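Participant: pasting the sequence and the predicted coordinates here, then a few questions.
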Amino acid sequence: MKNFILKPLLLLLSIFGFAQSCQKTENTIELQKCDLTAKEILTVENKTATLIYTNKLGSIDVPDAGYFIVNHNLSQTYNLPLMVCNFPIEKYPSLKIGESMKVDFSGRIEILPETADAFCTKIELTKISKVDESKN
C-alpha cells in the first residue's frame, strides 16, 4: 500500500520540481563577469536609478555608445555615471541612443581614487530589472 501511494506522490513532486526549475531558467538571465581592475570595489544591493543608452555624457562625447546608470546617489563614486560593462542586451534590446528607463539594480562598482580624471566608472551588474512606474 505504501508503494502505491509513494510512487505517484514522488512522480508529482518530480514533475513539479522540474516545472519550477524550467520557470526559473526562463525568467533569469546569467550576467557575465567584467574585468574590474580598481583596488577598491563597492558592492551595492537593491538600488534604484536611471539607465540610459547614450554616446554623450553631459558635454563629453563617449567613444562608443553604451549603457550608463545615472542619478544613483552613490556618493562613494563621486556621483560619476556608472558605465555598465555587462549589460544584458538580450533583455532590453529596444533602447535607442538617448532613451532611458528607471531600473532597480545590484552590482559591483569600481571606486576610483579621488584624484582620478574620469567621466565615469564601471559597474558589473549582478541584477537589473525595469521599475514599473505605472504602480506609482
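Facilitator: That came through fine. Please read all numbers here as calculations on a predicted model, not as lab measurements.

Participant: how about low-confidence regions in this protein?
Facilitator: Applying pLDDT under 70 to the chain flags the ranges 1-29, 135-136.

Participant: residue boundaries of the helices in it?
Facilitator: Assigned by DSSP state H, the chain shows helices spanning 2-27.

Participant: quick one, strands of it?
Facilitator: Secondary structure of the chain (DSSP state E): strands at 40-57, 60-70, 82-84, 100-111, 121-130.

Participant: any chance of those strands in a markdown table, plus distance to E90?
Facilitator: Every residue, glycine included, has its C-beta placed from N, CA and C. Listed next are the strands of the chain as a markdown table, based on distance: least, CB to CB, whole Å:
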| stretch | distance to E90 |
| --- | --- |
| strand 40-57 | 15 |
| strand 60-70 | 13 |
| strand 82-84 | 14 |
| strand 100-111 | 16 |
| strand 121-130 | 12 |
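
Participant: buried deepest among those strands, which one?
Facilitator: Highest mean neighbour count of the strands of the chain: strand 82-84, a mean of 24 (counted as mean count of other CB atoms under 10 Å).

Participant: quick one: which of the strands of the chain is nearest K91?
Facilitator: Smallest distance to K91 across the strands of the chain (CB to CB): 7.7 Å, for strand 121-130.

Participant: before we move on, the earlier item: quick one: closest of the strands of the chain to L31.
Facilitator: Nearest to L31, of the strands of the chain and by CB to CB, is strand 121-130 at 5.4 Å.

Participant: so what are the domain limits for this structure?
Facilitator: 1-29, 40-135 (automatic domain parsing).

Participant: beta partners of V103?
Facilitator: Counting by DSSP bridges, V103 is bridged to A49, K130.

Participant: surely it touches I69?
Facilitator: Yes: using CB atoms under 8 Å, V103 is in contact with I69, at 7.3 Å.

Participant: hey, what's in contact with both of those two?
Facilitator: 49-51 (CB atoms under 8 Å, 6 or more residues apart in numbering).
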